[in-house]
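*Asks:* Structure for this input, please:
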Amino acid sequence: MTDDTRDKLIDAALMHVPFDGWTETSFRAAIEDSEVDPTVAKALFPRGAVDLALAFHKRGDEAMIAKLKEADLSGMRFRDKVAFAVRTRIKAAEDREAVRRGTTLFSLPPYAPDGAKAIWGTADAIWTTLGDTSDDVNWYTKRATLSGVYSSTVLYWLGDDSIDSQATWDFLDRRIDDVMKIEDAKARINKNPVLSRLMAVPNRLGAAIKPPRKRDDLPGQMRSDQV
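*Replies:* Presented below is the predicted three-dimensional model:
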């Protein structure tokens, strides 16, 4: 997919999504308005509006990553960095109604796995950009927890009419504080000699669980020793 063509179709669709949702009607209108060849559009988005909605979400992730890399986060506590990243991602959504329509689309059973994968991808993008080096079960728990925080904050934001979405950011801070309480509890357990011994086996099992590795032996990919 070329970024220019992708963006042309997304931008054209955003004119119709508030009225028709992420539907085939919006997809056809986007093709017509953008003057992209229908065959090319179908090749880029085989499932039509569903894939276009996912591309819209991914573009938001990309915008967030760019802004995080530009920002000076050196003076922030880590919990504040996470909160800043979630706020940045939500602000990168561009169009609240398009997000609302996407939430409706991905709540449907056939597309719920796509929606869950998109949210997981956002959480992964945040942790990766912030420099997460987890190499065990924590890689999964961090992303699962942040997926819950992000998705609940987005739902709150969709109904928020406060000035500058301040109520949403307060809600986000409370959710992150809840997560930090869990992390503090885990730290206390590890410092307690008796509890740490009880957790020794689960901790060893958790350490044996590794995050997915990107394969470099697939057709069309160069191995690291070939670069």
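
*Asks:* When you work out contacts or count neighbours from here on, use the C-alpha atoms and nothing else.
*Replies:* Will do.

*Asks:* so where's this structure uncertain?
*Replies:* Residues of the chain meeting the criterion pLDDT under 70: 1, 182-211, 213-227.

*Asks:* quick one, what contacts the most centrally placed residue in it?
*Replies:* Geometric centre of the chain, nearest residue: Thr122, 1.5 Å, by Cα atoms, centre = their mean. By Cα atoms under 8 Å, 6 or more residues apart in numbering, the contact set of Thr122 is Asp61, Ser147.

*Asks:* which secondary structure element contains it?
*Replies:* helix 112-129 (DSSP states H and E).

*Asks:* Using PDB, write down the CA coordinates of that helix.
*Replies:* This file holds the C-alpha atoms of helix 112-129, laid out as PDB (Å, rounded to 0.1, in the frame of the first residue of the first chain):
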ATOM      1  CA  ALA A 112     -14.500  -7.800  16.900                       C
ATOM      2  CA  PRO A 113     -11.200  -9.600  16.400                       C
ATOM      3  CA  ASP A 114     -10.000  -6.900  14.000                       C
ATOM      4  CA  GLY A 115     -10.900  -4.300  16.600                       C
ATOM      5  CA  ALA A 116      -9.100  -6.100  19.400                       C
ATOM      6  CA  LYS A 117      -6.000  -6.500  17.300                       C
ATOM      7  CA  ALA A 118      -6.000  -2.800  16.400                       C
ATOM      8  CA  ILE A 119      -6.200  -1.800  20.100                       C
ATOM      9  CA  TRP A 120      -3.500  -4.200  21.000                       C
ATOM     10  CA  GLY A 121      -1.400  -2.700  18.200                       C
ATOM     11  CA  THR A 122      -1.900   0.800  19.700                       C
ATOM     12  CA  ALA A 123      -0.800  -0.500  23.100                       C
ATOM     13  CA  ASP A 124       2.200  -2.200  21.600                       C
ATOM     14  CA  ALA A 125       3.100   1.000  19.700                       C
ATOM     15  CA  ILE A 126       3.000   3.000  22.900                       C
ATOM     16  CA  TRP A 127       5.100   0.600  24.900                       C
ATOM     17  CA  THR A 128       7.600   0.100  22.100                       C
ATOM     18  CA  THR A 129       8.000   3.800  21.500                       C
END
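
*Asks:* Report the buried residues of it.
*Replies:* Using 16 or more other Cα atoms under 10 Å as the test for burial, helix 112-129 gives Asp114, Gly115, Ala118, Ile119, Trp120, Gly121, Thr122, Ala123, Asp124, Ala125, Ile126, Trp127.
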